[in-house]
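1. Sharing a model that was predicted from the sequence below.
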Amino acid sequence: MTTTTSTQWQLAARPVGEPTADDVRRVEVELPELADGEVRVQNAFLSVDPYMRGRMNDVKSYVPPFRLDETMTGGAVGEVVESRSDDLPVGTVVLHDLGWRDVAQGAASGFRAVQPTEGVSLSAYLGVLGLTGLTAYVGLTEIAGIREGDVVFVSGAAGAVGTMVGQIARLKGASRVVGSAGSDEKVALLTSKYGFDAAFNYKTGDVAELLAEAAPDGIDVYFDNVGGDHLSAALGAFKDGGRAALCGSIANYNSTGAPVGITNMTNMVTRGLTMQGFTLGNYRHVAPAFQAEMGPWLASGQVVHDETVVEGIDSAFEAFTGLMRGENVGKMVVRVS
């Protein structure tokens, strides 16, 4: 007998600044009987990601905003516990976008079967083997066009995407990889575990000065997860022909004031720089190439990954706000079951 009740998180109000408990609600939803072609999935892990903060705002973006009084969505991995689809029988492990709930239900076409890897947690399909790893790979290869010998700077380097960027850059032939993070502990982890040549705590000084110390000869590639003063510093540190892949701007997500102006923009002209933003929706075709390289890298130990695991569906919002405050190392996930 499978459960017919799903614990879910809904958006109750549009946040102003940092989201609070008043902006969400936890609800119990009775699930209807399965229709033909549908499956019911017990989620094992849920993903919380910075882009979800943007979806809490009622603004036009590359993905529609969350609707008020409706359950939020996001990446999740779990196991089919009831099925009326021949394509996804009971016991199949699936990836899908019906996160923010412990039990998901819908048309089988909305779920993608994955083959579990021995010794690898299912949560890896939300991180290193999933969209997190693919984001790092696309930004470096498709957007920044990484080349042998490049000096690469990564902001938010201890996060899920940042840790992947640094390692992939090294495997793609970067001569030096530099990262920024928000604590001395994270800085130490970047150089001791993730193979960064240098890293700095951006809270301890001026970012431009800290970057100049870590990359005294300048940088060729900047992978931007932060925006703000980090982007200004990168623009000042670029060599001629430098390339920036703009992935996120977490420094501005909870800001309620005027946007911080970016400096050193004249270098775009004088140094022939390229700066391009991206989202994964336009680069799904890169996934096979990514999987062909990342699978062997992970299996051989050339790529390592950390997770910050928060226990229980009741802690999902706490996990999200912790992510936004930088409390995670590597991928932040919620273990549901």
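-> Great, that's in hand.
2. Give me the distance from the worst-scoring helix or strand of the chain on mean pLDDT to the chain's centre.
-> Least confident helix or strand of the chain, by mean pLDDT, DSSP states H and E, is helix 287-300 with a mean of 90. A distance of 18 Å separates the centroid of the chain from that of helix 287-300, by Cα atoms, centre = their mean, to the nearest Å.
3. what residues does it touch?
-> Helix 287-300 has contacts (Cβ atoms under 8 Å, 6 or more residues apart in numbering) with 120, 124, 128-129, 133-134, 137-138, 141, 167, 171, 302-303, 305. Every C-beta, even on glycine, is put in place using the N, C-alpha and C of the backbone.
4. Which ones among the residues you listed lie within helices?
-> Among the contacts of helix 287-300, the members found in helices (DSSP state H) are 133-134, 137-138, 167, 171.
5. Neighbour-wise, which one of the residues you listed leads?
-> For the ones in helices among the contacts of helix 287-300, the largest number of neighbours (other Cβ atoms under 10 Å) sits with residue 133, at 30 neighbours.
6. hang on, that residue packs against residue 139?
-> No. The pair residue 133 and residue 139 does not pass the contact test of Cβ atoms under 8 Å, sitting 11.0 Å apart.
7. follow-up on the earlier one: give the buried residues for the helix or strand just after the least confident helix or strand of the chain.
-> Following helix 287-300 in sequence order, the next helix or strand is strand 307-311 (DSSP states H and E). Of the residues in strand 307-311, those buried by neighbour count under the rule 16 or more other Cβ atoms under 10 Å are 307-308, 310.
8. Repeat that for stretch 301-308.
-> For stretch 301-308, burial by neighbour count (16+ other Cβ under 10 Å) applies to 303, 305-308.
9. before we move on, what about stretch 5-22?
-> Neighbour count says stretch 5-22 has 6-11, 15, 19 buried, by 16+ other Cβ under 10 Å.
10. Pull the residues that contact that stretch.
-> By Cβ under 8 Å, 6+ apart, the residues outside stretch 5-22 that reach it are 23-31, 53, 56-58, 66-72, 100-105, 254-256, 313-314, 316-317, 320-321, 324.
11. Point out where the chain drops to low pLDDT.
-> Counting by pLDDT under 70, the ranges of the chain that qualify are 1-2, 250-260.
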